[in-house]
Structure formats: C-alpha cells, structure tokens
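Participant: Fold the following.
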Amino acid sequence: MYFTDRGIEELEARRGEEEVSLAWLADRLRAFVDANPEFETAVERLATYLARDDEDDFED
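Facilitator: Residues are numbered from 1 along each chain as shown. Sure, this is the predicted structure:
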C-alpha cells in the first residue's frame, strides 16, 4: 500500500457518496496549490491525467 492510499481511502469514506463538478474539483486543486506551492507539479500532473481521454497515452 502506498502512503497516498490512506488519503484516498479517507476521501472515499468521507465523501464517496457525494457528486461534485469538475469545476469544483479544479477550484479545490487551485486552493490546495495556493496553500502548498511545493505540490504544484504533482497537482498539475494529476489534473493533466484526469483531463485526458481514457485512450490517450499517459507516458510523459
């Protein structure tokens, strides 16, 4: 198990039944980067990954 799995499991447990818009998610990611600029690259990579079509090549 990766360390990040704990955070993902908490997210699912606390908010797994909620429906959110991608605009809401983008706003939360921006707020996170504003508060934690050292994670800008990781958040940018996650956002890019989520934005791509399932058939895109994710090897960059």
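Participant: Please name the residues that touch Tyr13.
Facilitator: Tyr isn't right for residue 13; it's Ala. Shown in contact with Ala13 (CB atoms under 8 Å, 6 or more residues apart in numbering): no residues. For glycine as for every other residue, the C-beta is placed from the backbone atoms N, C-alpha and C.
Participant: Helix or strand for it, just tell me which one.
Facilitator: Using DSSP states H and E, the secondary-structure element containing Ala13 is helix 3-15.
Participant: what does the following helix or strand past that helix contact?
Facilitator: For helix 3-15, the succeeding helix or strand toward the C-terminus, using DSSP H and E, is helix 22-35. By CB under 8 Å, 6+ apart, the residues outside helix 22-35 that reach it are Phe39, Glu40, Val43, Leu46, Ala47, Leu50.
Participant: ok, and for helix 22-35, which residues are buried?
Facilitator: Under the neighbour-count criterion of 16 or more other CB atoms under 10 Å, helix 22-35 has Leu29, Val33 buried.
Participant: quick one: average confidence on that helix?
Facilitator: If you average the pLDDT over helix 22-35, you get 96.
Participant: Centre of the chain to that helix, how far?
Facilitator: Chain-centre distance of helix 22-35: 9 Å, with CA atoms, centre = their mean, to the nearest Å.
Participant: now stretch 35-53
Facilitator: Distance of stretch 35-53 from the chain centroid (CA atoms, centre = their mean) equals 7 Å.
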